[in-house]
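Trainee: Sequence isn't available, so here's the structure alone:
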């Protein structure tokens with residue numbers, strides 16, 4: 001294709017889940033037209049899909065006012081770089097994936113520069129800051145949502161919107177039984193296996209992995225033959241976890257591979273709140289969800305957030321399919337107590353699995369990557 005007709009797409013994913021979804025979108029577009037050029041902010045998976053990343057999502061993945069301020073020296077230069085590009089060499093389209101604090105500011109720059117904006121994965125306007133929908137209406141040309149109850153909120157506000165389904169509905173698959181999955185990682189399926197999922201952000205790891213490991217220590221006292229597995233997100237390196245794992249006398253297997261088979265291998269999982277709770281629910285493994293924020297951020301959050309649950313699997317299900325332990329409740333003792341109940345009470349574990357089984361049907365019929373690709377082509381004027 002002639003260079004003059006090559007479509008340039010700026011794409012911004014500030015977290016590990018966005019990196020996964022961005023990669024799927026890029027591949028779906030390239031399957032239709034491989035000449036599209038994608039550049040912006042992303043991680044390892046988007047780079048593998050062909051994107052040129054000007055900043056790495058691993059350095060951007062923070063939550064809360066305090067955490068953003070600590071990482072301002074990374075976030076601010078990335079924003080300025082993209083801002084100058086939008087103003088001086090505007091792309092054919094800007095795709096924003098989640099990450100609203102950063103992305104809505106960038107959308108304003110794009111609007112002023114005359115660049116169309118496709119927003120993929122809505123800010124949680126149903127949970128807090130409902131007034132954001134007015135800003136979104138001014139700044140976003142099309143909103144692509146992944147949860148069914150989000151589309152009516154935007155339709156009511158007059159924002160062009162498509163429900164594309166949740167990308168995890170296509171991605172979460174495992175053909176292995178529990179025993180087969182356990183054996184494939186060198187684990188003994190006859191012994192308890194507990195997943196330790198500390199999140200994809202370094203700030204989450206520093207705040208929550210010590211708590212998770214203390215809970216694991218308590219579980220090991222109660223279940224001496226327990227095995228632990230810990231997946232590494234693409235945004236984390238071995239060095240990010242090493243300081244926390246040193247000194248613990250725990251049987252922990254770490255891996256970056258086949259996360260859904262790993263979840264299948266587990267009898268129970270301790271998971272930091274995030275997209276991974278939905279992945280675990282889709283596999284059907286019982287879990288407990290934990291989260292802690294910096295004290296100031298938490299005090300602000302409890303005044304602003306207007307939902308009954310924080311775990312995505314619970315939000316999608318519309319009920320508690322996994323216990324949530326937040327802030328002070330996310331103690332090693334409380335975490336170990338819930339996991340211990342799952343491991344020792346078969347009827348309780350079966351009840352949780354039954355509830356989890358209803359999550360998938362709420363996420364749409366699949367094909368979200370292809371639906372997103374169609375939106376991209378429509379917005380840039382391609383047939």
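Mentor: Received it, and whenever you're ready, just let me know what you need. Please read these numbers as outputs of a predicted model, since none were measured by experiment. Numbering: from 1, shown residues only.

Trainee: Would you mind giving both backbone torsions of residue 39?
Mentor: Backbone torsions of residue 39, given as degrees, to the nearest 10, read phi -150, psi 160.

Trainee: That one against residue 50, yeah?
Mentor: No. Judged on C-beta atoms under 8 Å, residue 39 makes no contact with residue 50 at a distance of 9.9 Å. In short, each C-beta sits where N, CA and C put it, glycine included.

Trainee: dump the residue contacts of the closest residue in space to residue 353 that isn't next to it in sequence.
Mentor: Spatial nearest neighbour of residue 353, excluding adjacent residues (C-beta to C-beta, 6 or more residues apart in numbering): residue 284 at 5.5 Å. Neighbouring residues of residue 284 by C-beta atoms under 8 Å, 6 or more residues apart in numbering: 353, 356, 357.

Trainee: List buried residues within those residues.
Mentor: Neighbour-count burial (16 or more other C-beta atoms under 10 Å) applied to the contacts of residue 284 gives residue 356.

Trainee: Quickly name whichever of the contacts of residue 284 is closest to residue 54.
Mentor: residue 356 (38.9 Å; C-beta to C-beta).

Trainee: I'd assumed residue 286 was in contact with the closest one.
Mentor: Yes. Assessed by C-beta under 8 Å, residue 356 is found in contact with residue 286 at 7.3 Å.

Trainee: Check whether residue 176 sits in a helix, strand or coil.
Mentor: On the three-state scheme (DSSP: H, G, I helix; E, B strand; the rest coil), residue 176 is labelled coil.

Trainee: picking up where we left off before, in a markdown table, list the contacts of residue 284 along with pLDDT and secondary structure.
Mentor: Formatted as a markdown table, these follow (pLDDT from 0 to 100; DSSP: H, G, I helix; E, B strand; the rest coil):
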| residue | pLDDT | secondary structure |
| --- | --- | --- |
| 353 | 95 | helix |
| 356 | 92 | helix |
| 357 | 88 | coil |
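
Trainee: Helix or strand: which one has residue 28?
Mentor: Taking DSSP states H and E as the definition, one finds residue 28 inside helix 16-32.

Trainee: Next: residue 41.
Mentor: Applying DSSP H and E, one finds residue 41 within strand 37-42.

Trainee: which residues are in contact with the following helix or strand past that strand?
Mentor: Using DSSP H and E, the next helix or strand after strand 37-42 towards the C-terminus is helix 44-48. Contact partners of helix 44-48, identified using C-beta under 8 Å, 6+ apart, comprise 11, 13, 19, 20, 22, 23, 26, 38, 53, 57, 234.

Trainee: Now flag whichever of these is closest to residue 349.
Mentor: Using C-beta to C-beta, residue 20 comes nearest to residue 349 of the contacts of helix 44-48, at 28.4 Å.

Trainee: Now do the contacts for that closest one.
Mentor: Counted by C-beta under 8 Å, 6+ apart, residue 20 has contacts 45, 167, 171, 234.

Trainee: Return the member of the residues you listed nearest to residue 222.
Mentor: residue 234 (32.9 Å).

Trainee: which stretches of the stretch 1-150 of the chain aren't confidently modelled?
Mentor: Applying pLDDT under 70 to the stretch 1-150 of the chain flags residues 1-5, 61-73, 126-130.

Trainee: got the residue ranges for the helices in it?
Mentor: Secondary structure of the stretch 1-150 of the chain (DSSP state H, counting those that start in this stretch): helices at 16-32, 44-48, 65-70, 72-88, 100-112, 132-139, 150-157.

Trainee: List the buried residues in the shortest one.
Mentor: The one in question is helix 44-48. Buried, per 16+ other C-beta under 10 Å, within helix 44-48: 44, 45, 46, 47.

Trainee: now do the first one
Mentor: Of the residues in helix 16-32, those buried by neighbour count under the rule 16+ other C-beta under 10 Å are 16-29.

Trainee: Leaving aside the residues adjacent along the chain, what's closest to residue 172?
Mentor: Closest to residue 172 by C-beta to C-beta, 6+ apart is residue 282, at 3.9 Å.

Trainee: same thing with residue 24?
Mentor: Nearest one to residue 24, counting by C-beta to C-beta, 6+ apart, is residue 369 at 4.2 Å.

Trainee: Can you give me the neighbour number for that neighbour?
Mentor: Close neighbours of residue 369, defined as other C-beta atoms under 10 Å, add up to 22.
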